[in-house]
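Chemist: Here is the input, now give the coordinates:
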Amino acid sequence: MSKQTVVTSVRMTPHLKGRIQSYCAANDLKEADAIRDLLEKGLACESLSVFATPVGSLIRDVIEAEFNLLRAEMEESSDRLEDRVAKVASRGTKASIATQALLTDVSRAIIPAWHDTPGEELWSHYSRIGGEVQSGIPYLEAKAGTP
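Modeler: Numbers count the residues shown, from 1 in each chain. Prediction:
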C-alpha cells in the first residue's frame, strides 16, 4: 500500500527561496525534499509550543507524574532483584562457612599440635584473615597479622 501524496504549489519570496536552496546544498537534498523536511521540523516545533501554555503545563505535570511512578516501580523492582541476588550469593557464603567449620575440625584431628586448640580460636584466626583479605589487605600481610 503506497502513501497518497498531494501536490501543492508554494509562493516564496526570493529571500526564502535562497534560504531553501542553501538548506538543499548543505543537506544534499532536492528542493521538494528540503521543503518537506523543513515543514515537518517546523510543525514539530509548533506542536511543542503547546507545552508552554497552561494546558501544556498540565500535560507536562501528568507525564512527569507518570514517569515518577514508573521510576519508583523500577527502583522497587531493582531492590527486589538485589535481594534475590543477595540470597543466592549468601548460599555460597553459607557453604563456604560450613566448609571452613568442617576444615577446622578436620585440621584439629590431623595436626597433632592443634589437638588441644579450641576450634573457636582457629575459626576466629582464619576468619580474621579472610575478612582482611576481603577488605583489600594482601594475603601475606593478613596472614602475618600486620595490616
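
Chemist: What's the local residue count around Gly56?
Modeler: Applying other CB atoms under 10 Å, we find 13 other residues in the vicinity of Gly56. In short, each C-beta sits where N, CA and C put it, glycine included.

Chemist: Could you check how far it is from Leu69?
Modeler: According to CB to CB, to the nearest Å, Gly56 stands 20 Å off from Leu69.

Chemist: How are the helices of the protein distributed by residue range?
Modeler: All helices of the chain, identified by DSSP state H, fall at 14-27, 31-48, 54-110, 119-134, 139-144.

Chemist: Of all those, which one is nearest Val6?
Modeler: helix 31-48 (11.6 Å; CB to CB).

Chemist: what mean pLDDT would you report for the closest one?
Modeler: The average pLDDT within helix 31-48 is 84.

Chemist: Export stretch 38-46 to PDB, keeping only CA atoms.
Modeler: This file holds the C-alpha atoms of stretch 38-46, laid out as PDB (Å, rounded to 0.1, in the frame of the first residue of the first chain):
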ATOM      1  CA  LEU A  38      11.600  21.900   6.900                       C
ATOM      2  CA  LEU A  39       7.800  21.700   7.100                       C
ATOM      3  CA  GLU A  40       8.000  18.600   9.300                       C
ATOM      4  CA  LYS A  41      10.600  20.200  11.600                       C
ATOM      5  CA  GLY A  42       8.600  23.500  11.800                       C
ATOM      6  CA  LEU A  43       5.300  21.600  12.600                       C
ATOM      7  CA  ALA A  44       7.100  19.600  15.200                       C
ATOM      8  CA  CYS A  45       8.400  22.800  16.900                       C
ATOM      9  CA  GLU A  46       4.900  24.300  16.700                       C
END
